[in-house]
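*Asks:* I would like to see how this sequence folds:
(chains A, B, C and D)
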Number of protein chains: 4
Amino acid sequence: MTTSVAQQAETSHADCHSTHGYITDKDRYLARLKRIEGQARGIARMVDEEQYCIDTLTQISALTAALRGVALGLLDDHMKHCVLGAAQLNLEAGEAKMQEASEAIARFMRS
Amino acid sequence: MTTSVAQQAETSHADCHSTHGYITDKDRYLARLKRIEGQARGIARMVDEEQYCIDTLTQISALTAALRGVALGLLDDHMKHCVLGAAQLNLEAGEAKMQEASEAIARFMRS
Amino acid sequence: MTTSVAQQAETSHADCHSTHGYITDKDRYLARLKRIEGQARGIARMVDEEQYCIDTLTQISALTAALRGVALGLLDDHMKHCVLGAAQLNLEAGEAKMQEASEAIARFMRS
Amino acid sequence: MTTSVAQQAETSHADCHSTHGYITDKDRYLARLKRIEGQARGIARMVDEEQYCIDTLTQISALTAALRGVALGLLDDHMKHCVLGAAQLNLEAGEAKMQEASEAIARFMRS
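*Replies:* Residues are numbered from 1 along each chain as shown, chains lettered A, B, ... in the order given. Below you'll find the predicted structure:
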C-alpha cells in the first residue's frame, strides 16, 4: 500500500499532462503562439524594410507583453495542476515542485 | 536660406535610414530576429508536444531577454542617429524626437 | 470529525504565521527592508543635492533590484507555507490560495 | 573663438543643473521620493507585524511602479536637458552623453 517517492514523482509528472483543462487550453495557447510567431516575423520585416525605428520598438513592446501573457498563463496552469497535484500526494513532492516553480518565476522576472 | 520645420523633419527622417552604421548593423539585426522567430516556433512546438511546462517557461524567458536585447540595440541606434541628427538641425527638432523616444522607452519598460 | 471550509481557511491562514522558518527569516527581511528604506532616502538626497542624474538612475536600478529580491523571497515563502499548507487541507483551499498567488505574480510582473 | 572639449564637457555638465525646468520639477520629485520612502517604511512595518504576505507583495508592486515612474521622469529630463544640451555644443559631446544614457536605460531595464 506504500508508494515510493519515485512512483509519486512519476504520477505527479503524468498529472501535468492528463488533466482535461490542460488539453482544452492547449489550442488557445497554440493560437496565441502562432500570433506571436507572426509578430516576430513582422518585426523582422519592419527592420528589413527599414521602417521607422519607434514603430518597430512599439511592436517589440507588444510582442514582449504577449509573451508575458503566455508565460503567466502557463505558470498558472502548471502551479494549479502539477504543483498542487504533487502536494496532494505528499508535502515533500509538493515542496520540490514549488521550489522549481519559484526558480522559474525568479528567472522570468529577471529576463 | 531658411529651412522650414517640415523640411527639417524630412531631412531628419532621411537621416535615420542613410547612415552607413545602420546598414551595417541591419544584417546582424535580421540574423537575431531570425533566431527569435525560430525561438517562438520552438516554444509553440514545446506546447504542442506537451513538454514540461517549466522548460517551456525557461525558453520564454530566453526569448524575452533576446527581444529586449534587440529593442535596446534599436533604441540606441535610433537615439544616436535620428535624435542626435535632429538635434544637430535645431533644438526644437531634437526635442520632438527625444520626446518620442522617451515615450517609447516608457512603453517598453511597462510592457 | 468534519472540518468546515471556514475552519480550514482559518487554519490555513494561521499556518502562514506560525512556522518556525518564517520567524527565522523575518529578521533578515527586516534588515533588507531597513537597507531599502536607506536607499530610498539616499536617492531623495541625491535629487536634493542635484547630483548627476545618471548616478541617481543607477541607484534607482539598485533599489528596484533589491525590492524584487524581497518580493521573490516573500512569494517563495508564501507559496511553500500558506499555499502548500492550504493544499494539505484540501484541494479546493489550495486552489483558492494558488489563484491568489498567481494574481499577485501577474501584478508584480506588470509593475 | 574655439572651445576645448574639456570646456564643452564643463558647460554641458553645468547645463544639467541650471535650467529652470529642472529646478521647478525638483520639489515634485522630492515629494514623490518622500512618499516612496514612506512606502518602504510601510512595507517593513507590514513584515514586522506579519501582515498577510499577498498584501505586502501588492505594496511592493506599487512601490516598484512608483520608482519606475521617478526613473522615467529623471531620464526624460536628463535626455532633454543634458544630452540635447551637449548635442547643441557638438556631435561628439552629444554622442558621449547619449552613450551614457543608453547604458543607464539598459541597466534599468535589466534591474
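
*Asks:* Now the lengthiest helix in chain A: average pLDDT?
*Replies:* Taking DSSP state H as the criterion, chain A has its longest helix at helix A:20-48. Helix A:20-48 shows an average pLDDT of 89 in the prediction.

*Asks:* One more: stretch A:76-94?
*Replies:* Averaging pLDDT along stretch A:76-94 yields 94.

*Asks:* That stretch near chain D anywhere?
*Replies:* No - against chain D, stretch A:76-94 shows no contacts by Cβ under 8 Å from any Cβ of the partner chain, the least distance being 14.4 Å. Using the backbone N, CA and C atoms, a C-beta is placed for each residue, glycine as well.

*Asks:* Could you tell me the end-to-end distance of that stretch?
*Replies:* End-to-end distance for stretch A:76-94: 15 Å, by Cα to Cα, to the nearest Å.

*Asks:* Can the longest helix of chain A be said to contact chain B?
*Replies:* Yes - under the criterion of Cβ under 8 Å from any Cβ, chain B is reached by helix A:20-48 at A:22, A:26, A:29-30, A:33-34, A:36-37, A:40-41, A:43-44, A:47-48.

*Asks:* Ok, stretch A:91-103 next?
*Replies:* Yes - using Cβ under 8 Å from any Cβ, stretch A:91-103 reaches chain B at A:100-101.

*Asks:* Show me which positions of that stretch end up buried.
*Replies:* A:93-98, A:100-102 (16 or more other Cβ atoms under 10 Å in any protein chain shown).

*Asks:* ok so, going back, out of the residues of helix A:20-48 next to chain B, which are buried?
*Replies:* Among the residues of helix A:20-48 next to chain B, those classed as buried by 16+ other Cβ under 10 Å are A:22, A:29, A:33, A:36-37, A:40-41, A:43-44, A:47.

*Asks:* okay, those residues in CSV with distance to chain C next?
*Replies:* Listed next are those as CSV, based on distance: Cβ to the nearest Cβ, whole Å:
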residue, distance to chain C
A:Y22, 15
A:Y29, 16
A:L33, 19
A:I36, 17
A:E37, 22
A:A40, 21
A:R41, 25
A:I43, 22
A:A44, 26
A:V47, 27
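
*Asks:* how close does A:G38 get to A:L74?
*Replies:* The gap separating A:G38 from A:L74 is 19 Å, by Cβ to Cβ, to the nearest Å.

*Asks:* oh, I was asking about A:R68
*Replies:* Taken as Cβ to Cβ, the span from A:R68 to A:L74 is 11 Å.

*Asks:* does A:V83 sit in a helix, a strand or a coil?
*Replies:* Under DSSP: H, G, I helix; E, B strand; the rest coil, A:V83 falls in the helix class.

*Asks:* Which residue comes closest to it once chain neighbours are left out?
*Replies:* Computed as Cβ to Cβ, 6 or more residues apart in numbering or on different chains, the closest residue to A:V83 that is not its neighbour in sequence is A:K97, at 4.4 Å.

*Asks:* Need the per-residue pLDDT for the one you found.
*Replies:* pLDDT for A:K97: 96.

*Asks:* Figure out the helix or strand that it lives in.
*Replies:* Element membership for A:K97 (DSSP states H and E) is helix A:91-110.

*Asks:* What helices and strands are in contact with that helix?
*Replies:* When contacts are defined as 3 or more Cβ pairs under 8 Å, 6 or more residues apart in numbering or on different chains; DSSP states H and E, helix A:91-110 packs onto helix A:5-18, helix A:53-78, helix A:84-89, helix B:53-78, helix C:53-78, helix C:84-89, helix C:91-110.

*Asks:* neighbouring contacts of that helix?
*Replies:* Contact with helix A:91-110 is made by A:5, A:8-9, A:12, A:71, A:75, A:78-79, A:82-84, A:86-88, B:54, B:57-58, B:60-61, B:64, C:68, C:72, C:75-76, C:79-80, C:83-84, C:87-88, C:105, C:108-109, D:110, as judged by Cβ atoms under 8 Å, 6 or more residues apart in numbering or on different chains.
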